[in-house]
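**Q** What follows is a predicted protein model with its sequence.
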Amino acid sequence: MRQLLAYDYPGNIRELKNIIERMIALSRNGKVTIAELFLPQGGCSIYTETGEIEDLRTARGEFEKKYIREVLKKTEWNIENAARALGISVRQLWNKIGQYEIKRNENAQIGRVKTEENFTKY
């Protein structure tokens, strides 16, 4: 309950409604656990570690890095599928992987596309 009260709900009532529907659909024996909440972890803070307000460019970059990392996990690092899901080209995705220094988990498998090691940026 504490997590539901603390969350900011940037999508307003629609977001709350969707979260509750997911909780009900995924609950077991009528009991809801934290696993069913699917609230973004870490929340959204406008402050840096020093207490200053974070600029938009930095905040956007952090969001993009986290979002790309999650899409790569969900697609099991299949670069073509991840790029398609993100709505960008494979080349753009590789550039962003390099820009944000996103590393692949050693246990993950790469799909049937070029790997980071043999990809050449143009």
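**A** Noted; the coordinates are in hand.
**Q** Where does pLDDT dip in this protein?
**A** For the chain, residues meeting the criterion pLDDT under 70 lie at 1, 3, 7, 9-11, 26, 33-51, 106-122.
**Q** again, 50 this time
**A** 106-115, 118-122 (pLDDT under 50).
**Q** Would you tell me what the next helix or strand after whichever helix in it runs longest is?
**A** Taking DSSP state H as the criterion, the chain has its longest helix at helix 56-74. Using DSSP states H and E, the helix or strand that follows helix 56-74 in sequence is helix 79-86.
**Q** Check which helices and strands that next one sits against.
**A** helix 56-74, helix 90-99 (3 or more C-beta pairs under 8 Å, 6 or more residues apart in numbering; DSSP states H and E). C-betas here are computed from N, CA, C, even on glycine.
**Q** Single out the most deeply packed of those.
**A** helix 90-99 (a mean of 16; mean count of other C-beta atoms under 10 Å).
**Q** helices and strands around that one, which ones?
**A** helix 56-74, helix 79-86.
**Q** Can I get that helix in CSV? Just the C-alpha atoms.
**A** Output in CSV follows, covering the C-alpha atoms of helix 90-99 (Å, rounded to 0.1, in the frame of the first residue of the first chain):
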residue,chain,number,x,y,z
VAL,A,90,19.8,-1.0,-36.0
ARG,A,91,22.7,1.4,-36.6
GLN,A,92,21.1,4.0,-34.4
LEU,A,93,20.6,1.4,-31.7
TRP,A,94,24.3,0.4,-31.8
ASN,A,95,25.3,4.0,-31.6
LYS,A,96,23.1,4.5,-28.5
ILE,A,97,24.5,1.3,-27.0
GLY,A,98,28.0,2.8,-27.4
GLN,A,99,27.0,6.3,-26.3
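**Q** ok and it relative to helix 79-86, angle-wise?
**A** 90 degrees (axes from the mean of the first three to the mean of the last three C-alpha atoms, to 10 degrees).
**Q** Could you save the helices and strands packed on helix 79-86 as a markdown table and add columns showing distance to residue 81?
**A** Formatted as a markdown table, the helices and strands packed on helix 79-86 follow (distance: least, C-beta to C-beta, whole Å):
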| stretch | distance to residue 81 |
| --- | --- |
| helix 56-74 | 9 |
| helix 90-99 | 10 |
